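Asker: sequence first, predicted model second:
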Amino acid sequence: MDKKEKILFEKLKKEITRTFLLENTTLSEDISQWRGEEIVKFQEDLLNKVKGRVSEKWFYNYFRNTPEKLPRIDMLNLLSKYAGYENWADFRNKNSSSVKLKSLKKIYWISGILFLSILLAWNLTDLTDKPRQIKLCFVDENLNPVNETVIIKVYDPEERVFRSPPEKSCLSFETPHDSVSVEIKSAYYLPKKIVLHTRENTQRKIMLLTDVNALIFRRYSNKPKTDKKKIQKRLENLIADDAIIYQQWFGEDKGIEIYSKEEFIAQLLTPTSLVKHIEILDKKYKNGKIYRLRFSVKN
């Protein structure tokens, strides 16, 4: 594919990812890093929304790898429709202006390169040695500050560990490098990896998705009443009032049992051995809240 087609297809992949993340969660916001369960969820979402399907092999060929040519037009139409457009032609018409390559006169190009070279030579030592101040502020699905302790590992290239103070939602550190990889972990949230570009001092807001499994597998019977109330409040804020929650049974008693939000939370907060065996099978988000939840109880 030519350069313009490549840019358009990359933009379509980002639009597809944005649509998927409206109601689903992933360990990576980069579609080229999806695998296994994430691909299956995408296939199901594609089928539900536009009645179409892509095979896992197709996904690897066009999303995980760098294809030499565009997919067939019927696939481009299907994916464009999933992303909210009428078809591929509609997507091209609405996005072509943003990828047009502007031709520059040779004299301007040379002048720009010379200017940047001089500027870079002048500031190279200062850029290399001067540490950049990075501030990360963490929020949940509802954009509320995360007040749980957050631990980050900064690889730049040495490994450094920072821990946010209790009841604080931001964390700061310095690095002399242009880019750093950061791994983020917290007790109640899914782990996340990001790459920060640090040419200038920067502040970033990072969204962390609540890890329902972490909430559920807490041993409530050993927690004080105040901690239980705190966890109950988190669950009430996380789950939509009209959520559909069902337990799936396997084996001879194969079937499902439907729970309301209140029944499900009450079940979790009851000090029985049941809570230790709950396994979340699937969950979907809408407007920052879980509106579909499927779980089973392991024997």
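Answerer: Sure, I can see it. Numbering: from 1, shown residues only.
Asker: now do the same end-to-end measure for stretch 25-40.
Answerer: One end of stretch 25-40 to the other measures 12 Å (Cα to Cα, to the nearest Å).
Asker: would you map the strands across the stretch 1-150 of the chain?
Answerer: Counting by DSSP state E, counting those that start in this stretch, the segments of the stretch 1-150 of the chain that form strands are 132-139, 150-155.
Asker: which positions in the longest one come out as buried?
Answerer: So the one you mean is strand 132-139. Within strand 132-139, the residues that count as buried by 16 or more other Cβ atoms under 10 Å are 132, 134, 136-138. Glycine gets a C-beta too; all of them are placed from N, C-alpha and C.
Asker: what does stretch 199-210 give?
Answerer: Counting neighbours by 16+ other Cβ under 10 Å, one finds that the buried residues in stretch 199-210 are 206, 208-210.
Asker: domain ranges for this protein?
Answerer: Dividing the chain into domains by automatic domain parsing, as the record does, gives the ranges 3-99, 129-207, 212-297.
Asker: export the ones you listed to a markdown table and tack on mean pLDDT?
Answerer: What follows is these, written out as a markdown table (pLDDT from 0 to 100):
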| stretch | mean pLDDT |
| --- | --- |
| domain 3-99 | 89 |
| domain 129-207 | 83 |
| domain 212-297 | 76 |
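Asker: tell me the spacing between Trp88 and Lys94.
Answerer: 11 Å (Cβ to Cβ, to the nearest Å).
Asker: tell me which of these two has more neighbours.
Answerer: Neighbours per residue, other Cβ atoms under 10 Å: of Trp88 and Lys94, the larger number sits with Trp88, 21 against 12.
Asker: residues in contact with the residue lying closest to that one once chain neighbours are set aside?
Answerer: Ranked by Cβ to Cβ, 6 or more residues apart in numbering and with sequence neighbours excluded, the top spatial neighbour of Trp88 is Leu76, at 3.8 Å. Contacts for Leu76 (Cβ atoms under 8 Å, 6 or more residues apart in numbering) come out as 12, 70, 87-88, 91.
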